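1. predicted model and sequence below, questions to follow.
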Amino acid sequence: MALTTITRISPDWPCQVKNPGSYDWERSAAKWLRELVPARYASYPVLLRHPVLLARHAHLQVQQEIRVARTALQTARADLPSLGLPESVIEHTIKLYAAEVMQLQHIARSVRAVSQALVDHGTVR
């Protein structure tokens, strides 16, 4: 029976990814990471062969999405009234952007945790 090394996982560890060191965990990590990047990137062979590289790109992608959501949040009050939207819609939209920023920040922490586990477990080939 083969022993596996189980790493203590972060509270930000994504539930879609198996625990580091468990059977086939790298595959579950790569699958989850592919869902975070645009489809055209997810099919590039170099990203498929090197999950740590895929994690790097996912990190960059999520950071950019955070910047976009923050910009949308910061400019909503000034920009949305000129579109003729009712105040209630503007307020709802602001709450939506704020929630999205928080969700993306959680995803970013999850990507960092998965990326670190990939490095720690030597999946760099």
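-> Yes, it's here.

2. list the buried residues in stretch 66-84.
-> Neighbour-count burial for stretch 66-84 flags 66, 69, 72-73, 76, 80 (criterion: 16 or more other CB atoms under 10 Å). C-beta here means a position set from N, CA and C on the backbone, and glycine is covered the same way.

3. next, give me the two most distant ones among those residues.
-> Farthest apart among those by CB to CB are I66 and L80. That separation is 20.2 Å.

4. next secondary structure after the helix or strand hosting Q74?
-> Assigned by DSSP states H and E, Q74 belongs to helix 51-79. Next along the chain after helix 51-79, taking DSSP H and E as the criterion, comes helix 87-120.

5. which secondary element of this protein has the worst mean pLDDT?
-> Least confident helix or strand of the chain, by mean pLDDT, DSSP states H and E, is helix 39-42 with a mean of 88.

6. what's the distance between the helix or strand following it and the middle of its chain?
-> Once helix 39-42 ends, the next helix or strand along the chain (criterion: DSSP H and E) is helix 45-49. Its chain's C-alpha centre and that of helix 45-49 lie 18 Å apart, by CA atoms, centre = their mean, to the nearest Å.

7. still on that earlier bit, average model confidence for the helix holding Q74?
-> In this model, helix 51-79 has a mean pLDDT of 97.

8. circling back: okay if I get the buried residues of stretch 66-84 as CSV plus distance to H106?
-> Below are the buried residues of stretch 66-84 laid out as CSV (distance: CB to CB, whole Å):
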residue, distance to H106
I66, 11
A69, 13
A72, 18
L73, 16
A76, 21
L80, 26
